[in-house]
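Trainee: Task: produce atomic coordinates for the following.
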Amino acid sequence: MPTKKAPAKKAPARKANAAFLKPVQPDEALAKVVGSKPLPRTDLTKKLWDYIKKNKLQDAKKKTQINADDALKAVFNGKKSVSMFEMTKLVSGHLTK
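Mentor: Residues are numbered from 1 along each chain as shown. Below you'll find the predicted structure:
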């Protein structure tokens, strides 16, 4: 007699990290790109990428590089181009507690 398999258990839904959901306040330079209202880091990152894509600032050949326009240059501490990993670090410096 064939044995029945136990029904597969559903993986528990991932809980978002509370630190990412806590609203952060962009400073004046970052506010020119993402707006001046406090917003969770997840939304801030989404708005930043929307801005980068809308203005075609992602390098065509090297997709991990972001080419700064005047607004982003202020956020990137004057750099013309940064990697997307460096961008995260630089953006964190423009958040007020």
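Trainee: for the closest residue to residue 40 other than its chain neighbours, what are its contacts?
Mentor: Residue nearest to residue 40 in three dimensions, not counting chain neighbours: residue 21, with 4.9 Å by CB to CB, 6 or more residues apart in numbering. In short, each C-beta sits where N, CA and C put it, glycine included. The contact partners of residue 21, by CB atoms under 8 Å, 6 or more residues apart in numbering, come to 40-42.
Trainee: what does residue 83 give?
Mentor: Residue 83 touches 64-66, counting by CB under 8 Å, 6+ apart.
Trainee: For it, give me the backbone phi and psi.
Mentor: phi -80, psi 160 (degrees, to the nearest 10).
Trainee: Quickly note the distance from it to residue 22.
Mentor: Distance of residue 83 to residue 22, given as CB to CB, to the nearest Å: 26 Å.
Trainee: What segments of this protein are strands?
Mentor: Ranges of strands within the chain are 23-26, 39-40, 65-67, 81-83, 95-96, based on DSSP state E.
Trainee: Please identify the deepest-packed of those.
Mentor: Sort the strands of the chain by mean neighbour count, taking mean count of other CB atoms under 10 Å, and strand 65-67 sits at the top with a mean of 20.
Trainee: Who are the packing partners of that strand?
Mentor: strand 81-83, helix 84-92 (3 or more CB pairs under 8 Å, 6 or more residues apart in numbering; DSSP states H and E).
Trainee: Which one, of these, ends up nearest to residue 47?
Mentor: Nearest to residue 47, of all the helices and strands packed on strand 65-67, is helix 84-92, at 10.8 Å by CB to CB.
Trainee: so how far is that closest one off the chain centroid?
Mentor: Distance of helix 84-92 from its chain centroid, counting by CA atoms, centre = their mean, to the nearest Å, is 9 Å.
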